[in-house]
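Novice: turn this into a structure:
(chains A and B)
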Amino acid sequence: MSDTATHATDHASEAGHHSSTGLSNNKLAMWLFLGSECLLFGGLISTYMLYRGRVSDGPHPSQIYDIPFTSVSSFVLLMSSLTMVLAVTSAQRKDDSRTTLWLTVTALLGATFIGGQVYEFTTFYREGLGFTTSLFSSSFYSLTGFHGVHVSVGVIMLLATTGIIKKNKVTGNKAEVVELVGLYWHFVDIVWIVIFTLIYLIPS
Amino acid sequence: MSTATEAHNDAHEHGMSDAGYIKIALILAAITALEVSTYYVDFGPLFMPSLLIMMVIKFVMVVSYFMHLKFESRIFSFLFYTGLGLALFVYFVALATFKFFIA
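Specialist: A predicted model of the protein is given here:
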């Protein structure tokens, strides 16, 4: 078979589930999902904005937020976006070993962020901020808790992707699979960019 | 063959080089450091606008470069920014209803 024919066959198999629009259905669905996620987090953020000053009992936001600690967590999550995009470019180059390496590093950074959030929640609870202490505490834990769950799901997705790449069990376009996980991960990062500014840095 | 291979590579290597992504990450880290500095340094009346502008810049940079939206089909941009725009509109209205901006 000639090189051109081989290339055409490879490309056709990789573009197997592309639609009549010429775009990947998987990617289209992921962007649609992320667009809808904006509504979910928009609701949680606006609820927090409404209730952040409603502290009938327990500590106020300015009394408990540890900005230096949260800044480090934010930096860790931001850098995980870099390692994720490096995983995507490695997958596009068909470099499996680097892809799994960067995916693992991204998962570790995500797990570090989650560890930080668990520590933060534990500290807040010890300082008297329970989930039902005030409207502020309920909206704060709901927002950051939902984000934390998204990060945790992302870590599971990263580790699962690493596993199936190592076992060579990826069906379809491997680079696209990594890119889809990457899109989800970057979304989690941009949500935190908004949360960090609106919730932590801007005082009530 | 070379033309076909180049076209194939272009399709897969849309976006930037690794060095380009590292530069973007450094810029994002620098903006984050500036954001955190507002906690320690008094920016006066510029405090709120500067924080919001830096947040938007970081958001757009991650979406455009790390999520490749700048290099992808406009349909993806439409889907994402429509969701974002709708969210902003709905919640601005909701916050206005609760007189959030008056207090």
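
Novice: quick check: the gap between B:Gly83 and chain A.
Specialist: B:Gly83 is 2 Å from chain A, where distance means C-beta to the nearest C-beta, to the nearest Å. C-beta here means a position set from N, CA and C on the backbone, and glycine is covered the same way.

Novice: should've said B:Phe78
Specialist: 9 Å.

Novice: quick check on that residue: phi, psi?
Specialist: Dihedral angles of B:Phe78 (phi, psi; degrees, to the nearest 10) stand at phi -60, psi -50.

Novice: that one: neighbouring residues, count only.
Specialist: Using other C-beta atoms under 10 Å in any protein chain shown, B:Phe78 has 12 other residues around it.

Novice: show me what the helix or strand where A:Leu34 lies is packed against.
Specialist: Assigned by DSSP states H and E, A:Leu34 belongs to helix A:25-51. Counting contacts by 3 or more C-beta pairs under 8 Å, 6 or more residues apart in numbering or on different chains; DSSP states H and E, helix A:25-51 packs against helix A:135-166, helix A:174-195, helix B:74-97.

Novice: for chain A, which residue gets nearest to chain B?
Specialist: A:Gly35 (2.5 Å; C-beta to the nearest C-beta).

Novice: so that residue sits against B:Ser77, correct?
Specialist: No. The criterion here is C-beta atoms under 8 Å, and A:Gly35 misses it with B:Ser77 at 10.3 Å.

Novice: which one of these two is surrounded by more residues?
Specialist: The residue with more neighbours, out of A:Gly35 and B:Ser77, is A:Gly35; 21 against 15, by other C-beta under 10 Å.

Novice: give me the neighbour count for the closest residue to that one other than its chain neighbours.
Specialist: Once flanking residues are discounted, A:Gly35 sits nearest to B:Gly83: 2.5 Å by C-beta to C-beta, 6 or more residues apart in numbering or on different chains. Other residues near B:Gly83 number 21, with proximity taken as other C-beta under 10 Å.

Novice: ok, B:Gly83 - contacts?
Specialist: A:32, A:34-39 (C-beta atoms under 8 Å, 6 or more residues apart in numbering or on different chains).

Novice: please report the distance of it from A:Leu129.
Specialist: Here the criterion is C-beta to C-beta, to the nearest Å. By it, B:Gly83 lies 32 Å from A:Leu129.

Novice: what pLDDT does A:Gly53 get?
Specialist: As predicted, A:Gly53 sits at a pLDDT of 81.

Novice: and what of A:Tyr125?
Specialist: 92.

Novice: one more: A:Pro59?
Specialist: 82.

Novice: likewise for A:Leu201?
Specialist: A:Leu201 is given a pLDDT of 91.

Novice: name the element the residue lying closest to it once chain neighbours are set aside belongs to?
Specialist: Spatial nearest neighbour of A:Leu201, chain neighbours left out: B:Leu51 (5.7 Å); criterion: C-beta to C-beta, 6+ apart. Following DSSP H and E, one finds B:Leu51 within helix B:47-61.

Novice: neighbouring contacts of that helix?
Specialist: Applying C-beta under 8 Å, 6+ apart, the external contacts of helix B:47-61 come out as A:190, A:193-194, A:197-198, A:201-202, B:24, B:27-28, B:31-32, B:34-35, B:38, B:43.

Novice: please apply the same query to stretch B:88-103.
Specialist: By C-beta under 8 Å, 6+ apart, stretch B:88-103 touches A:39, A:42-43, A:45-46, A:49-50.
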